[in-house]
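Asker: Give me a 3D structure for the following:
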Amino acid sequence: MHGVQGVVGSNPATPTSVEPGWFPSLAFFMENFVYILYSASLDRFYVGQTKDLEARLQRHNSGRNKPTKAGVPWEMVHFEKVADRVATVAKDKQVKNLGSKRYLQTIGKP
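Answerer: Below you'll find the model as predicted:
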């Protein structure tokens, strides 16, 4: 072992150069969802994707989201947990291409 020195007490599985107070973003560990909202006042559906369903619904209902501002209040009528970001984008596109109402019918929701 020429040129390589072992360090007594070293544990290579434990990072030693991480700054104090550093934590990975919780969003990295959160699951991905595709969701469908319904506005009774507009009689319309809205399809979206998020990592935080509760916060996203609150944002839609706050009127801060331009595409859904006119339909407040929105009701979450369906959501699906999706494996990863790529699958989330694909599921979102699938639902939008089929249409929200038809998609809900295909999965057995009235």
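Asker: Can you list the buried residues in the helix or strand encompassing Val47?
Answerer: Per DSSP states H and E: Val47 is located in strand 44-50. By 16 or more other Cβ atoms under 10 Å, the buried positions in strand 44-50 come out as Phe45, Tyr46, Val47, Gly48, Gln49, Thr50. (Each C-beta comes from the backbone N, C-alpha and C, glycine too.)
Asker: Toward the C-terminus, what is the element adjacent to it?
Answerer: Per DSSP H and E, the first helix or strand lying C-terminal to strand 44-50 is helix 53-62.
Asker: So, low pLDDT: which residues of this protein?
Answerer: 1-30 (pLDDT under 70).
Asker: show me where it has helices.
Answerer: 26-29, 53-62, 85-98, 100-106 (DSSP state H).
Asker: between those helices, which one is nearest to Ala40?
Answerer: Closest of the helices of the chain to Ala40 is helix 53-62, at 12.7 Å (criterion: Cβ to Cβ).
Asker: now that closest one, how far from the chain's geometric center?
Answerer: Taking Cα atoms, centre = their mean, to the nearest Å, one finds the center of helix 53-62 at 12 Å from the center of the full chain.
Asker: ok, residues contacting it?
Answerer: 33, 35, 37, 46, 48, 50, 65, 68, 72-74, 76, 79 (Cβ atoms under 8 Å, 6 or more residues apart in numbering).
Asker: And for stretch 83-96?
Answerer: Contact partners of stretch 83-96, identified using Cβ under 8 Å, 6+ apart, comprise Asn32, Phe33, Val34, Ile36, Val47, Gly48, Gln49, Glu80, Val82, Tyr103.
Asker: cool, stretch 67-77 as well?
Answerer: Residues contacting stretch 67-77 (Cβ under 8 Å, 6+ apart): 35-42, 44-46, 53, 57, 60-61, 63, 104, 109.
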